[in-house]
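Engineer: Fold the following.
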Amino acid sequence: MQRDRSVGTLLREWRNRRRLTQLDLAIQANVSTRHISFVETGRTTPSRPMLLHLAQHLDVPLRERNKLLVAAGYAPVYARRPLEDPELATAYDTVQRVLREHEPFPAVAVDHRWNVLLANSALGIFLDGVDAALLEPPVNMMRLGMDPRGFAPRLRNLGQVRAYLLPRLARQAARTGDPELSSLYEELRSYGAGDDPPTAGPADIAMPIRLCHDGVELSFFSTITTFGAAFDITLEEIAVESLFPADAETTAYLRRSAISPPP
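Structural biologist: Okay, the predicted model is just below:
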């Protein structure tokens, strides 16, 4: 990590990203507005506990909290280990079990950029006919769903799916400040250039998916699960997307079909 920007600059960026004034943050964090002003202008360097305290109230992701610490001259405190690391064996087994227990319905675990970490065998119905280039690691679920080379052509409600996913991706990019997520958003947005996709309604609590597979239309709704109270960057950023059948026909089809595992 490079100290290319001051800790005050980074904190101000996060405060602005959260649409908070210095007074708002001061009230939330129970500190003086004067202190926040001094930190942001570089007149004082916050202590490590104070910096983490402010980061918590700004809902700064763990990997970005490490950058704040480094910018202030402190060592990072949050580990970032691969999911296969022996120290994460319990978490790895838990994610695998969640995916396995969801069969015969599709489920996939992704990282903070929607790259596939693990998937169950039922996800294979979404990969049928997908361009091999999109299955080269890292496999990105957002790209698979909206790239014309992915399973987008088999979605009967592609506009509705885009209406759910693109705003979600835009919010995530804004929340994390991740330039790669912003780039992914612009890429996926370009696939619908000229389109005016419908906006998800306020009463729609789950994303519907209607997928054509082997001449059958399968209907799903999607939910996202994240792990709370994580103190490892990898664990904080894992999300499990579980697809549930939205009708009896889809349930029956998946239960009687032998689904090949994804690559």
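Engineer: Identify the residue nearest the residue positioned nearest the centre of the chain in space, chain neighbours excluded?
Structural biologist: Nearest residue to the geometric centre of the chain (C-alpha atoms, centre = their mean): H112, 4.1 Å. Nearest non-adjacent residue to H112, counting by C-beta to C-beta, 6 or more residues apart in numbering: E237, 3.7 Å away. Glycine gets a C-beta too; all of them are placed from N, C-alpha and C.
Engineer: quick one: pLDDT of the one you found?
Structural biologist: What the model reports for E237 is a pLDDT of 86.
Engineer: Tell me how far it lies from A109.
Structural biologist: 11 Å (C-beta to C-beta, to the nearest Å).
Engineer: just to revisit the earlier point, so how far is R63 from the residue nearest to the centre of the chain?
Structural biologist: Distance of H112 to R63, given as C-beta to C-beta: 8 Å.
Engineer: joint contacts of those two?
Structural biologist: E237 (C-beta atoms under 8 Å, 6 or more residues apart in numbering).
Engineer: for whatever helix or strand L69 lives in, the distance to its chain's centre please.
Structural biologist: For L69, the element it lies in under DSSP states H and E is helix 62-71. Averaging C-alpha positions (C-alpha atoms, centre = their mean, to the nearest Å) puts helix 62-71 19 Å from its chain's average.
Engineer: same question, stretch 216-226
Structural biologist: How far stretch 216-226 lies from its chain's middle: 16 Å, per C-alpha atoms, centre = their mean.
Engineer: State the mean pLDDT of that stretch.
Structural biologist: On average, stretch 216-226 scores 92.
Engineer: Contacts made by it with the rest, please.
Structural biologist: Residues outside stretch 216-226 that contact it (C-beta under 8 Å, 6+ apart) are 98, 105-106, 125, 156, 206-212, 238-247, 249-250, 253-254.
Engineer: If you count neighbours, what's buried in the longest helix belonging to the chain?
Structural biologist: Secondary structure of the chain per DSSP state H: the longest helix is helix 158-176. Neighbour-count burial for helix 158-176 flags 158, 160-166, 168-169, 172-173, 176 (criterion: 16 or more other C-beta atoms under 10 Å).
Engineer: do stretch 24-40 as well
Structural biologist: 25-26, 29, 31, 35-36, 39-40.
Engineer: Give me the three-state assignment for the nearest residue to A119 once chain neighbours are set aside.
Structural biologist: Excluding its sequence neighbours, the residue lying closest to A119 (C-beta to C-beta, 6+ apart) is V108, at 4.3 Å. Under DSSP: H, G, I helix; E, B strand; the rest coil, V108 falls in the strand class.
Engineer: and V108, what is it in contact with?
Structural biologist: Going by C-beta under 8 Å, 6+ apart, V108 touches 99, 116, 118-120, 123, 141, 240-241.
Engineer: again, only this time at 7 Å
Structural biologist: V108 makes contact with 116, 119, 123, 141, 241, according to C-beta atoms under 7 Å, 6 or more residues apart in numbering.
Engineer: same question, E84
Structural biologist: Taking C-beta under 7 Å, 6+ apart, one finds Y92 in contact with E84.
Engineer: Likewise for H53?
Structural biologist: A29.
Engineer: Apply 8 Å and report the result again.
Structural biologist: H53 touches 29, 31, counting by C-beta under 8 Å, 6+ apart.
Engineer: What of Y253?
Structural biologist: By C-beta under 8 Å, 6+ apart, the residues touching Y253 are 216, 218.
Engineer: Mind checking what helix or strand follows the strand with the most length in the chain in sequence?
Structural biologist: In the chain, ranked by residue count with DSSP state E as the criterion, the top strand is strand 216-226. As assigned by DSSP H and E, the chain's next helix or strand after strand 216-226 is helix 233-237.
Engineer: For ChimeraX, write the selection for the buried entries among the contacts of V108.
Structural biologist: This is how ChimeraX selects the buried members of the contacts of V108, with burial counted by 16+ other C-beta under 10 Å:
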select :116,119,123,141,241
